[in-house]
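Engineer: got a predicted structure here, sequence first:
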Amino acid sequence: MKKSLFLFLTYCATVGAFAQNLMLKDIYIRDPFILPVAEEGVYYMYATSPIVENGVTYGGMVAYKSKDLKTWSDPVRVFDVPRDNWLTGTVWAPEVHRYNGKYYLFATMNSDIVWKAPKEGHPSYVHRATQIYWADRPEGPFQAFENKLPHTPMGQMCLDGTLWVENGVPYMIYCHEWVELMDGTMEMVELKPDLSAPAGQPVRLFCASAAEWSTGGNFANGERTYVTDGCFLYRTKTGKLLMIWSSFKNGSYAIGIAESATGRVFGPWRQQKEPLFEKDGGHGMIFKTFEGNLRLVLHSPNGGGLERAHLFEIEDCGDTLILKGEVK
């Protein structure tokens, strides 16, 4: 009996153990998303990871695991786009949310398939949208719902969907691309209870140009462009509903804060004057450590193949968030 118990405990320890050989500086990543899983004592950081088969690139995702947010495991493959999916190209901005006992992957699906002729001098209008997948475990494998279709409107360029649950109702907040609109927007749609499909029509929350700090950029033909990117919602200790999101300030990738005047996801939303972060980094998300400390993770810089995840301490002041020092 003692030998059986020893073998069982040894097996459990082996299953729960993994080597942590990587530092954040070793991991190329854009749009980092960290999911703490308390019962495992493990943080999962998700990253896009395409593969090539017979000369064709297919989208996918890996997870890095850590017990201390300092050192990380080698990547574990957790998702491959189904080959009969509506799109099979590269995945952007993977997020994994725990909801009603399951884990849901929100993935921006990409293609080079042009669906509308662009204006002269504009980027191509290609199929791009957020689609949701599900799994029983944070390591997947994540599966598509039966119809294998996007959760954002077909025929619109959409990206960076995230989950928000309010009064028991699930919503997806996402970005409608500046490529199509010039002044990108933040949109919201109610989801079915099992997150399998949208349950209503999208509602516009705000435009990128609404933020004073979002200065936009000059396009090739002289038009002004404003980006919406990387939305994530957070309710403060006083009950205020905030959204962090990314755009550009004077040419530098940055994160700003919007706040709901009603405390509800429907808004109306007003923009805080000063950005939370403005040093060529963005697409952030907020989580709590197992010790209860608030953290912001973002990628920086925003290009050149040098993108890495950076962790910052942030303070919840009730009416806003204050960025503290980077956590090394």
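Structural biologist: Good, I have the coordinates.

Engineer: can I get the lengthiest strand in the chain as PDB, trimmed to CA atoms?
Structural biologist: Using DSSP state E, we find that the single longest strand of the chain is strand 102-116. Output of strand 102-116 as PDB, limited to C-alpha atoms (Å, rounded to 0.1, in the frame of the first residue of the first chain):
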ATOM      1  CA  LYS A 102     -14.200  25.500 -20.000                       C
ATOM      2  CA  TYR A 103     -11.400  27.400 -21.700                       C
ATOM      3  CA  TYR A 104     -12.100  29.600 -24.700                       C
ATOM      4  CA  LEU A 105      -9.600  30.800 -27.300                       C
ATOM      5  CA  PHE A 106     -10.300  34.100 -29.000                       C
ATOM      6  CA  ALA A 107      -8.200  34.200 -32.200                       C
ATOM      7  CA  THR A 108      -7.900  36.700 -35.000                       C
ATOM      8  CA  MET A 109      -7.900  34.700 -38.200                       C
ATOM      9  CA  ASN A 110      -6.100  36.100 -41.200                       C
ATOM     10  CA  SER A 111      -5.800  35.500 -44.900                       C
ATOM     11  CA  ASP A 112      -4.600  37.100 -48.100                       C
ATOM     12  CA  ILE A 113      -8.000  36.600 -49.700                       C
ATOM     13  CA  VAL A 114      -9.200  40.000 -51.000                       C
ATOM     14  CA  TRP A 115     -13.000  40.500 -50.600                       C
ATOM     15  CA  LYS A 116     -13.300  44.100 -51.800                       C
END
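
Engineer: that strand pairs with which strands, parallel or anti?
Structural biologist: Using DSSP bridges, the neighbouring strands of strand 102-116 in the sheet come out as strand 91-99 (antiparallel), strand 125-135 (antiparallel).

Engineer: so for the shortest one, what's the average pLDDT?
Structural biologist: Along strand 91-99, the predicted local confidence has a mean pLDDT of 98.

Engineer: buried sites along it?
Structural biologist: Neighbour-count burial for strand 91-99, counted by 16 or more other Cβ atoms under 10 Å, picks out 91, 92, 93, 94, 95, 96, 97. Glycine gets a C-beta too; all of them are placed from N, C-alpha and C.

Engineer: which residues touch that strand?
Structural biologist: 30-31, 33, 35, 37, 44, 46-48, 50, 59-61, 79, 81, 103-110, 138, 159-163, 165, 170, 195, 230, 283, 285 (Cβ atoms under 8 Å, 6 or more residues apart in numbering).

Engineer: among the residues you listed, which ones are in helices?
Structural biologist: When the contacts of strand 91-99 are checked against helices using DSSP state H, none is located there.

Engineer: just the ones of those in strands?
Structural biologist: Per DSSP E, those map to strands at 33, 35, 37, 44, 46-48, 60-61, 79, 103-110, 159-163, 165, 170, 230, 283, 285.

Engineer: rewinding a little: the buried residues of strand 91-99 into JSON lines, with extra columns for distance to residue 275?
Structural biologist: As requested, the buried residues of strand 91-99 are exported to JSON lines (distance: Cβ to Cβ, whole Å):
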{"residue": "91", "distance to residue 275": "27"}
{"residue": "92", "distance to residue 275": "22"}
{"residue": "93", "distance to residue 275": "20"}
{"residue": "94", "distance to residue 275": "24"}
{"residue": "95", "distance to residue 275": "22"}
{"residue": "96", "distance to residue 275": "26"}
{"residue": "97", "distance to residue 275": "25"}
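
Engineer: name the nearest of those relative to residue 128.
Structural biologist: Nearest to residue 128 out of those is residue 92 (Cβ to Cβ; 8.3 Å).

Engineer: ok, what's across the strand from that closest one?
Structural biologist: Bridge pairing for residue 92 (DSSP bridges) gives the partners residue 108.
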